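Trainee: build me a model from this:
(2 chains)
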Amino acid sequence: MQIIDAADLDYRAVNEALREAESDFIIEGCCGQRFIAAGISGKNLTINGIPGNALGAYLNNANITVNANAQDAVGDTMNEGKILIHGNIGDAAGYAMRGGKIYVQGSAGYRAGIHMKAYKEKIPVMIIGGCAGSFLGEYQAGGVIIVLGLHKDGRRIVGNFPCTGMHGGKMFLRGSCEDIHFPKQVTAKCAAADELEEIREYLSEYCLDFGYSMDELLSEPFTIITPDSKNPYKQMYVAN
Amino acid sequence: MGIEFIYPEFEVIRNKSRCISCRVCERQCANEVHSCDEKLKIMKCDDSKCVNCQRCVSFCPTKALKIVKSDCTLRENANWPAQTVKEIYKQANSGGVLLSSMGNPKPLPVYWDKILINASQVTNPSIDPLREPMETRVFLGKKPSKVQRSKEGKLNCTLPPQLELSMPVMFSAMSYGSISYNAHKSLALAAAELGILYNTGEGGLHEDFYCYGENTVVQVASGRFGVHADYLQAGAAIEIKIGQGAKPGIGGHLPGEKIVGDISRTRMIPEGSDAISPAPHHDIYSIEDLRQLVFSLKEATEYKKPVIVKVAAVHNIAAIASGIARSGADIIAIDGFRGGTGAAPTRIRDHVGIPIELALAAVDQRLRDEGIRSNVSLVVGGSIRSAADVIKAIALGADACYVATAALLALGCHLCRTCQSGKCNWGIATQRPELVKRLNPAMGSERLIHLMTAWKHEIKEFMGGMGINSIEALRGNRLMLRGIGLTEKELEILGISHAGE
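Mentor: Next up is the predicted model:
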């Protein structure tokens, strides 16, 4: 396994080394370098240390494992691949992601999964193990966002204004979510068995990745949130 | 009918002595204005559906048709023009936000028309462009501020990435979705032939057009539709769209009914789902955040492509541009308040933003004052209507101009301003297959090439007249401009003298 020592490299040098690296490698001593693996494809990398903003932006079918926290804009506009974070992540993770998976063991900041998309069988998936900040899934247009609320220490599973402007995709929040206020244009209800079945594959993969058991995850009911309309602003205009 | 009735804006006048009931008008009108009374063998029309796009007029073989503005008027009132009253009726009827298309039609000042261009007489003689070489090529991108040499004294010739244009004009952003496949193809073919660039807009790039990548600017907007690594690699430059002159400060909604087939696939959203571009980029709240997006795009494309940041011309545009110039962007595109759109709220289109002439002058001066003008190239748009406007823009400080409305006019647009309906009879702002095929890309691109070739000739004539043989020597050369009928303040902002001075 090739090792890139990032201790004395800036982000540009890290990415240059990464582009030239073998398909499987480890970045050691990562300390806030931004844009790691932006737009790359066909690689498997493990990051030790904390990567900076925009990790895996425009990621094009690569696998990234981070053995620590990550910062803002993880998987920005990601297309394919998988990002695994053994820690927490900052704001705006998975902005406009259109495919691939972001699995986070800990919690996420504001605006996770904002404007996620989907097209036919290409469905992006984001799973947040802990809690999510405000504006989760704002303008969500497709894909699946799952928040598990594990180790939430009495906090609400999601902050304020989740699903604002949501017009596609699905969101699953573990628990009954009675303390969460959802906007008018979405429907939140207890997920039925067939709806949970849709995410079973993702959850079991998540369990394997982080060492949880399915029984533990399924010990509580899930709330599923879906938009009422694909065209939330249809009636808003008159031709002039 | 009754209280909700608004008398049709236009009347279709048919010269019965010329009409041969051939029904061409009926077939050509997607708005279904014309119909044929089979029994009486005469053509009828429903004026209320007419948008005055002139399609039937253009195709009537006997010139039997004309469209006129209705003379059925409300009682005249200078404070309450008919348009204002009708807008109130529409809103009272529907509760809707007024939605319009194309650029601001209000009679606000057009500064281009109040600026005059210089010519040489006797001294510094003019140049005849028909006999002498004239350089209209421009290079857009960051320019080094000083000459650098290696230790051995060799010149460092590595430049930041540049765009080469054969003339200082590009086709500005119009998304696949707002305009048709054939309209995009016309623009792409023409740009490739002319040695300039067209711009995908925010709807992604159809796979058929990747082959025109060298002549393509790929856009990244707040909705990030169709943005992925291959798309970023495909273009010659990447444009981050922050704002648009027709609707500064607000986002865009392409309605679900236009998200069909290839459009859905290109944008990567399900068919029938609204394509919503939020007003802000949700990860940009500062120049530092903008810098992060600029550099994430540069990293993803290995610093091979210039990054353009496009903003609408608004009040503090000079300070905003200064920030953008420091964000790492290579090119700033500024869109004036008269810029077109496929759909924008009427009130926003007509009341928000400032004229591009003033914005350009203010930005160029500010960047010069701060010593960072060479950090970026400036591209301006928002109703550049002719070669004269291009010359004036260059002399005010632009490196190049963005044109879109003029390009659409070349493709057949008659400025009926109902793009939002999706029923464009000219095959431009529509996704209906039977309408799209009316625009032949080979003919469309030929007309665009004609237009730009003509502009290029005119640009050379202007340059020759001024005794300038390279367009680069005209950039920011405001001594070549004079104002006419402008106030002291306007002249001060434009940085030009009054005619006669």
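Trainee: C-alpha only now, for contacts and for neighbours.
Mentor: OK.
Trainee: what is the burial count for residue B:289?
Mentor: Residue B:289 has 15 neighbours, counted by other CA atoms under 10 Å in any protein chain shown.
Trainee: that one reaches residue B:282, doesn't it?
Mentor: No. Contact between residue B:289 and residue B:282 fails when scored by CA atoms under 8 Å: they sit 10.0 Å apart.
Trainee: tell me which parts of chain A are close to chain B?
Mentor: By the rule CA under 8 Å from any CA of the partner chain, the part of chain A lying against chain B is A:12, A:15, A:35, A:37-40, A:54, A:57-60, A:73, A:77-79, A:92, A:96, A:98, A:115, A:117-120, A:139, A:141-142, A:167-168, A:230-232, A:234-240.
Trainee: now those: which count as buried?
Mentor: Burial by neighbour count, 16 or more other CA atoms under 10 Å in any protein chain shown: within the residues of chain A next to chain B this picks out A:12, A:15, A:35, A:37-40, A:54, A:57-60, A:73, A:77-79, A:92, A:96, A:98, A:115, A:117-119, A:139, A:141-142, A:167-168, A:230-232, A:237-240.
Trainee: mind listing which of these are in helices?
Mentor: Secondary structure defined by DSSP state H assigns A:12, A:15 of those to helices.
Trainee: which residue ranges make up the domains of chain B?
Mentor: Partitioning chain B according to automatic domain parsing yields domains covering residues B:2-96, B:115-143+B:166-498.
Trainee: burial-wise, tell me which of the ones you listed comes out on top.
Mentor: When the domains of chain B are scored by mean count of other CA atoms under 10 Å in any protein chain shown, the highest mean neighbour count falls to domain B:115-143+B:166-498 (a mean of 21).
Trainee: end-to-end on it?
Mentor: Taking CA to CA, to the nearest Å, domain B:115-143+B:166-498 runs 9 Å from one end to the other.
Trainee: could I get the full set of strands for the stretch 351-500 of chain B?
Mentor: Using DSSP state E, counting those that start in this stretch, the strands of the stretch 351-500 of chain B run over B:377-381, B:400-403, B:481-483, B:497-498.
Trainee: who's in contact with residue A:64?
Mentor: By CA atoms under 8 Å, 6 or more residues apart in numbering or on different chains, the contact set of residue A:64 is A:44-47, A:56, A:82-84.
Trainee: report the two of the residues you listed separated the most.
Mentor: A:47 and A:82 (13.4 Å; CA to CA).
Trainee: give me the most central residue, the chain.
Mentor: Assuming you mean chain A. By CA atoms, centre = their mean, chain A has its centre lying nearest to residue A:126, at 3.4 Å.
Trainee: actually chain B
Mentor: residue B:404 (3.1 Å).
Trainee: how much space between that residue and chain A?
Mentor: 22 Å (CA to the nearest CA, to the nearest Å).
Trainee: pretty sure that residue contacts residue B:179?
Mentor: No. Between residue B:404 and residue B:179 there is no contact under CA under 8 Å: 11.4 Å.
Trainee: chain center to the longest helix anywhere in chain A: distance?
Mentor: Using DSSP H to define each element, chain A has its longest helix at helix A:193-210. Mean-position distance between helix A:193-210 and its chain equals 15 Å (CA atoms, centre = their mean, to the nearest Å).
Trainee: follow-up on the earlier one: adding mean pLDDT and distance to residue B:320, write the strands of the stretch 351-500 of chain B out as TSV.
Mentor: Shown next, in TSV, are these (pLDDT from 0 to 100; distance: least, CA to CA, whole Å):
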stretch	mean pLDDT	distance to residue B:320
strand B:377-381	98	13
strand B:400-403	98	19
strand B:481-483	98	26
strand B:497-498	98	26
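Trainee: residue B:316 is nearest to which of those strands?
Mentor: Nearest to residue B:316 among the strands of the stretch 351-500 of chain B is strand B:377-381 (16.1 Å), distances taken as CA to CA.
Trainee: done for today, thanks.
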